[in-house]
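Trainee: No sequence on hand, only this structure:
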């Protein structure tokens, strides 16, 4: 069974902590969904000391915390942010985001590999937010990453998997590497689909936090991820072109 | 809340009873999934009296039984079968299948409407297996049906929803009618998608019974259906073309 | 080679005549595209005698005219309109539209079959605007139709083929029947796709008439239809999951 | 109008020269299609001096020749091959292929950017075979490329555009850069779709050379590319959810 | 007598369909229906009208 | 007399459907049709058989 | 001396980072960077400031 | 001396690349690399070979 740097997640849903209507709703979303990881970030402290109360809140969630380098556009910035995150959150885990493009928020795969190498050598356990590019994946593994997190679609787009074909190829290319679909999920069926392809986890935030009912959606996503995982493990039927009767034909009465 | 002829299902998954490796596995699949309806059929009794033991088995499931007219190609045959089913299973419910085409097992919408009228007038509560055709749907409602069950894809094909666009149109066309996606489901994500479109239930059989692990797949499908329903009710985000940062931009450090 | 009631079309594009910016542009669209059929309708004569000048215009197009029963909602109305069209346009051809639903303009398959039977018996050569339903198709053929025109998507929607899977099944179900994709086309690639599936013609109107440059779009559609037809006949390669080098590997230099 | 290093193509179809049943068929495919560019490679001379006759053949095609570095896995190898190609084919144009993965033949974007820089500085006019990655695209432009050739799908797969969403984003990201869909095309509709998205050319080989009738398919692809281009320029209608009557409603007779 | 021609009330002398159409100034290429039933052109002269009859006279028009 | 029961020819005394089914050893939960027409269980006793009749006796079975 | 703390100019005595942060009233859980370079908490006391230095003090915050 | 030409060992006199290629019977349009480095045609005559050298001589070929 694939683990995340030796850690087995209590649940394959990784849930973001941003954009919720209130801290209470955020906390309840985690409680109801049983999400296995909480992603967080670092920002300048606000006037009201929000940072300190947020720290209290996520400490109480009782799940591993995965700090990100969201918004970083350079290697230097990402590396420094990672170091600060390690101290504040007291974890070696870092979700390495190195944004290369403002509209799509797509990763800069060049800076990503470079930063991943620096951080891995410095003892970090890197969760790189990357694309479905297999070569980039190989470089990241060579750089010391033991997890890959290809995007499903641009962050916050809620479009679902833009390139299932390539994501499927990535799964079969790296059979032993924990793979996470990160970003782009909008609906439970998207999350289920990712797991049905054999992915190990799904990371999402906006789809839950911005839903009309974030708590219910968090739960829906959690169930969908479990359903997809269970379905994948249950060895699904092959899709076929023609129909095949489910009800037995033998023993059918003659009534015409 | 939409009910099925006054009955509120304990679970929006309607599960078929055919093709399981064994009766024990069938029973466990229902137990683990908590499926809300069991579909059954009528056949000539076998030498070993399988029919009687099967009756015992489904009686113990403790869920409403929905007999079908599977394999019927004429109105007369379907109507007679329905009458026999009503007596044997002691229920007014009938899943009306009127097969018009051998390869696709697609419904014969002409015979379907005719048979539905006859049965509804005779006190049956008809669950018609139909297509996504809106006019056929109107005719079936006019014939006395209070439920519509459009196909997702041909029976046993496991392809998932072949025409989501038309199925979505059907949902908005009949806002007050309980709608069930019947047949064609292969994966949990397919089932979730159906519920995300606002359908009231999903009916499937082959995808569970023929999976490597039917019990696990039954559970996966049940969770997926719930996830899709919950997600639909939670008011999902709109899909968008461009990305949008989830992590707040405000308060971002200056580190370059 | 499949013909339309014995007529071989000069071009597999059937083009509508409505909604053009001007009669001149309409005429040029036909001239540039070389469309093989022109669809027309019957309406009350306007104050300016537009009908007479329109008659002159389409007579000069030099292509077979296919009058429709657009907007008819009842069998009686469609049949009467067909008779009037036969007299005015002096043709046995009739595009039988029997609209069952206002939003989707989808055919009423019940009235359609009934009207088709009446008209065929009365010597009409019926081009029924139908759905991808195979049973309806069989009924229409039994009613005397020798052509089927399933919709690609709702009229004027420009969505392209909503259910390619079912349309493909229809093609293989009726190998000897001329099949036309009618309505829903928005882009040249949609029209090409229809022909690649082995369809015999494509009927469209809005996509051309409402394009920024109708004449250019008419030409584009005509080329796309020909390209799709030619491609279908040229026996395309099978899609495959893995890549395969096109440039020969043998003889490759050793340069590392 | 976007040109390729100052050259305006006579036709937006770039056609490969490999895998044809015979040189005669290859020549005829170019003649019938009017393809605007011929891609070629370098290999060890065979016993029969095939290289010399092939040189004669492509010289007679009368279209610009685009040599590739197919099969190269390292920067050094690709650069050396490019130099040899420049001398043999007497052109500054080079289709830079730097294969990073054997199964998918996907480009190694790291080596690609590096090799592109070296070659551009050395006076080559580089046509990089790349992915839909926007950052890689920016790097290639910065390296001196004035054309980008993202893949549609893996070489020889014939799957069509695997990620239309990302390819559309690439088009809008680089409005002034000539963009070519290179590889993965299987059907004319795929080629038309690429041009409808505003791409400037399509490069393909296997779909034509391996078709049952390569000459007919070459022609079909050429027409499809033109159709897509023309359609794009003609400003297509927007796809819409609901139907809209094409035949005028006003003046409709009252016949019921 | 009062005739509804293409949805509009008119006072036409008739007595038959052919003459009524002429009186209404209808010329050129069109087909006719009387009270929602098709009347072939060669039958117009022998088709007598009565007060309140509904006539549809339809001409070629754009169509999809 | 000769009766086709569930597709197989049998020699059953009858005289009515109820007894014939008993003679054929059919027990438990099933529904019956005689010559393709449904016969409710409470009507079996008063339903007389004639030579060549076709009986279907159907039991609960798996279905999708 | 003049210090840019989290993007805002402040007059802080220092002399070292630890004391400057205290003077700015910063408490609780945060990490620091001086002139875009990370300074671990245990190094703050021995990190002397000079006029115009830029300090970032970052706290835990929501993230996706 | 022993030369690997297009992957096959040959005994060629040389002394330079141009003559070696001629000795190998190579004519027509091709480009050359010596020990994986490109050698322009005008440099072949002044490019001396040594035992064990690897020559690639490549001609135009089909490509995608």
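Mentor: On my side now, so go ahead. Model, not experiment: these values are computed from the prediction.
Trainee: Next one: residue A:172 from chain D, what distance?
Mentor: For residue A:172, the distance to chain D equals 9 Å [C-beta to the nearest C-beta, to the nearest Å]. Yep, even glycine has a C-beta here, placed from its N, CA and C like the rest.
Trainee: Within the helices and strands, which one has that residue?
Mentor: helix A:164-173 (DSSP states H and E).
Trainee: which other residues reach the helix or strand that that helix is followed by?
Mentor: Sequence order places strand A:180-182 as the next helix or strand after helix A:164-173, per DSSP H and E. By C-beta atoms under 8 Å, 6 or more residues apart in numbering or on different chains, the residues outside strand A:180-182 that reach it are A:14, A:95, A:127, A:129, A:147-152, A:161, A:167, A:191, A:194, A:199-204.
Trainee: and the helix holding residue A:172, what does it pack onto?
Mentor: helix A:134-142 (3 or more C-beta pairs under 8 Å, 6 or more residues apart in numbering or on different chains; DSSP states H and E).
Trainee: hmm, the next helix or strand after the helix it packs on in reach of chain D?
Mentor: As assigned by DSSP H and E, the chain's next helix or strand after helix A:134-142 is strand A:149-150. No: on the criterion C-beta under 8 Å from any C-beta of the partner chain, strand A:149-150 is out of touch with chain D, staying 12.1 Å away.
Trainee: With stretch A:190-200 instead?
Mentor: No: residues of stretch A:190-200 are not located near chain D by C-beta under 8 Å from any C-beta, the shortest gap being 13.9 Å.
Trainee: gap between that stretch and the chain center?
Mentor: Centre-to-centre, stretch A:190-200 and its host chain are 11 Å apart (C-alpha atoms, centre = their mean, to the nearest Å).
Trainee: quick one: the strands in the chain?
Mentor: No chain specified, so I'll use chain A. All strands of chain A, identified by DSSP state E, fall at A:13-16, A:37-44, A:65-67, A:93-96, A:125-130, A:149-150, A:180-182, A:201-204.
Trainee: right idea, wrong chain: chain E
Mentor: Ranges of strands in chain E, per DSSP E, are E:2-5, E:8-11, E:31-34, E:37-39, E:54-62.
Trainee: Mind putting those strands into CSV with mean neighbour count, mean pLDDT and distance to chain B?
Mentor: Output for these, formatted as CSV (neighbours: other C-beta atoms under 10 Å in any protein chain shown; pLDDT from 0 to 100; distance: least, C-beta to the nearest C-beta, whole Å):
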stretch, mean neighbour count, mean pLDDT, distance to chain B
strand E:2-5, 18, 96, 31
strand E:8-11, 10, 94, 33
strand E:31-34, 22, 97, 26
strand E:37-39, 19, 97, 26
strand E:54-62, 25, 96, 26
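Trainee: Which of the ones you listed sits closest to chain G?
Mentor: Comparing those against chain G with C-beta to the nearest C-beta, the closest turns out to be strand E:54-62 (53.6 Å).
Trainee: and that closest one, what does it pack onto?
Mentor: Applying 3+ C-beta pairs under 8 Å, 6+ apart, we find strand E:54-62 packed against strand C:37-44, helix C:50-61, helix C:75-89, strand E:2-5, helix E:17-23, strand E:31-34.
Trainee: Output those in CSV, with distance to residue A:77 appended to each entry.
Mentor: CSV is the format used below for the helices and strands packed on strand E:54-62 (distance: least, C-beta to C-beta, whole Å):
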stretch, distance to residue A:77
strand C:37-44, 62
helix C:50-61, 66
helix C:75-89, 70
strand E:2-5, 80
helix E:17-23, 84
strand E:31-34, 78
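Trainee: who wins for proximity to chain H among the ones you listed?
Mentor: The stretch from these with the least distance to chain H (C-beta to the nearest C-beta) is strand C:37-44; that distance is 39.5 Å.
Trainee: what mean pLDDT does that closest one have?
Mentor: Strand C:37-44 shows a mean pLDDT of 96.
Trainee: What of stretch E:17-27?
Mentor: For stretch E:17-27, mean pLDDT rounds to 94.
Trainee: Just the buried residues of it, please?
Mentor: E:17-18, E:20-21, E:24, E:26 (16 or more other C-beta atoms under 10 Å in any protein chain shown).
Trainee: Run a quick neighbour tally on residue A:29.
Mentor: 26 (other C-beta atoms under 10 Å in any protein chain shown).
Trainee: Please name the bridge partners of the residue most central in space within chain E.
Mentor: Centre of chain E computed as the mean C-alpha position; nearest residue by C-alpha atoms, centre = their mean is residue E:55, 4.2 Å away. In this structure, residue E:55 bridges to residue E:5, residue E:34 when assessed by DSSP bridges.
Trainee: Could you report the separation of it from residue D:30?
Mentor: From residue E:55 across to residue D:30, the span is 64 Å (C-beta to C-beta, to the nearest Å).
Trainee: again with residue A:241
Mentor: 37 Å.
Trainee: Likewise for residue A:190?
Mentor: For residue A:190 relative to residue D:30 (C-beta to C-beta), the value is 45 Å.
Trainee: so what's the closest residue to residue A:27 other than its chain neighbours up against?
Mentor: Counting by C-beta to C-beta, 6 or more residues apart in numbering or on different chains, residue A:57 is the residue found nearest to residue A:27 once chain neighbours are left out, at 6.0 Å. Listed by C-beta under 8 Å, 6+ apart, the contact set of residue A:57 reads A:23, A:26-27.
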